[in-house]
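K.L.:
What shape does this take:
(2 chains)
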Amino acid sequence: MLKFDIIKQKDLMRVGVIHTPHGDIQTPAFVGAATRASVKAITHTQMRELGSQAILANTYHLILAPGPDLIERGGGFAEWTSWHGPSFTDSGGFQMLSLTDAKIDHDGVTFKSHYNGDKIRMNPEISMQAQWKIGADIHMAFDQAIDSTDKDLVAKAMKRTHDWLPRNIKEHQRLAAEAKANGKPEQFLYAVVQGGLFEDLRRESAELMATQPVDGYGIGSLYTTETPETANIIKLTNEILPNDKPRHLLGMGSEPRDLFIGAMYGCDTFDCVAPTRQARNGALYTPNGRINIKNAKYREMYAPIDPDCDCYCCKNYNASYLHHLYKVDEITGKTLASIHNERFVVRVVDQIRQSILDDTFEEYMHDFMAKYYKA
RNA sequence: GCUGGGAUAGCGAAGUGGUCAAACGCAUCAGACUGUAAAUCUGCCGGCUUCGGCCUUCGUAGGUUCGACUCCUACUCCCAGCA
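P.N.:
As a prediction, this is how the structure comes out:
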């Protein structure tokens, strides 16, 4: 079993430590999205320096290239990538939603590779086997992600996820026993709750998940707290899930508000591609809201983007220079901005953690929100 | 000097008598961004606008025509070849 200590708790909100074979994760924590085993534009060293505790890679993408067998032969995820800290893999379930070429059936999914058109078959067993070969510490069960307000469709995706869960668990347990026999490090499994934005479906899903022999939970198919029901769905889900296991809010964090709400309602880890993607596209987070570094007003701003930011970018470079790097499309600009955004969200979540310990969460959230969302 | 080619919005470049404020690309200006097919996508991009339109443009000056960026004349400038 994955060891998870809760250090302090208030209602659903808690501070804890997830103990993985590759180190501890102090929670709540923001996990960097490293889909193809790289946090885009940022080196592992830079990730460590900006305070990232863990990264999350994607099974589907690593099946496409370079293949789980190669990574296994290369010594597994930590050894092969040189990211020696805690790691997660997502199952590939999200790609059923994000890729239009996915054909879903009762057993699994057939994807068409965007590299060469090859058919890529995935199902719970294949995902589990691939994740064990890749060798991240924490795996996600193969589920069906969906983004719909059509209750029938959402219920169908949930049902499918539920049907697949025992297969995920069985295969995971088989591989775990095999690994143990071979003296290999432990790897852990999170089940993923579905049910969209429907209270009854979420409840049904969470109640089922709660009884399963898994190490923790992913909460899937939620996207933004701009949808008002989302906060309530997170809350009611975590009220049902067992308190003593960690919960990962899958893919949410394109707005800092998402992180506050997630933590407030009992989520322990987060991942989102937004900080790095938005950075590459010129949108940078500051305490006073998001800015676009490409805007003409930064042409001659000789101060850092955020003078109070402790990131490598803000400590060393001014906005005018960064603006220039974007206007001429120099890749270093994207690296600097990605470091800044990633540091921003990592720090926000770290401060959420500290504020929970200090009993100042509400004030911190209030102050942050007032500044960030003042407009 | 001669011969030929050419001058279109910030740049490049379509358009060869009406459907042209003028394709397309770039640049500009702005917006978006979910468990990443995203260093991507969208909008704007002559002036004014109550967003329905109105006005001024296609080197310059004339002309032909109901009508010209498109045809004619002259001029200016550019390019290539020849002297």
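
K.L.:
shaky segments in chain A?
P.N.:
Within chain A, the stretches with pLDDT under 70 are A:375.

K.L.:
just the strands in the stretch 201-350 of chain A please.
P.N.:
A:216-219, A:247-249, A:269-272, A:283-286, A:289-292 (DSSP state E, counting those that start in this stretch).

K.L.:
Same list (those) but as a markdown table, adding distance to RNA strand B and mean neighbour count.
P.N.:
In short, each C-beta sits where N, CA and C put it, glycine included. Output for the strands of the stretch 201-350 of chain A, formatted as a markdown table (distance: least, C-beta to the nearest atom of the strand, whole Å; neighbours: other C-beta atoms under 10 Å):
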| stretch | distance to RNA strand B | mean neighbour count |
| --- | --- | --- |
| strand A:216-219 | 5 | 28 |
| strand A:247-249 | 9 | 28 |
| strand A:269-272 | 4 | 26 |
| strand A:283-286 | 3 | 22 |
| strand A:289-292 | 4 | 14 |
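
K.L.:
What count of nearby residues applies to the closest residue to RNA strand B within the stretch 51-200 of chain A?
P.N.:
Nearest residue of the stretch 51-200 of chain A to RNA strand B: residue A:145, at 2.0 Å (C-beta to the nearest atom of the strand). Using other C-beta atoms under 10 Å, residue A:145 is surrounded by 23 other residues.

K.L.:
So it: helix, strand or coil?
P.N.:
Classification of residue A:145 using DSSP: H, G, I helix; E, B strand; the rest coil returns coil.

K.L.:
Would you check that it makes contact with residue A:221?
P.N.:
Yes - applying C-beta atoms under 8 Å as the test, residue A:145 and residue A:221 come out as touching, 5.2 Å apart.

K.L.:
picking that back up, what residues are up against the residue of the stretch 51-200 of chain A closest to RNA strand B?
P.N.:
Taking C-beta atoms under 8 Å, 6 or more residues apart in numbering, we find residue A:145 in contact with A:93-94, A:96-98, A:157, A:194, A:220-221, A:250.

K.L.:
and what of residue A:144?
P.N.:
A:93, A:96, A:104, A:157-158, A:160-161, A:164, A:194.

K.L.:
Look up how far residue A:279 lies from the residue nearest to residue A:336 when sequence neighbours are not counted.
P.N.:
With sequence-adjacent residues excluded and distances taken as C-beta to C-beta, 6 or more residues apart in numbering, residue A:336 is closest to residue A:313, at 4.1 Å. As judged by C-beta to C-beta, to the nearest Å, residue A:313 and residue A:279 stand 10 Å apart.

K.L.:
Could you do residue A:233 as well?
P.N.:
For residue A:233, the distance to residue A:279 - C-beta to C-beta - is 28 Å.

K.L.:
what pairs with the nearest residue to residue A:268 once chain neighbours are set aside across the strands?
P.N.:
Excluding its sequence neighbours, the residue lying closest to residue A:268 (C-beta to C-beta, 6+ apart) is residue A:27, at 4.0 Å. Taking DSSP bridges as the rule, residue A:27 bridges to residue A:16.
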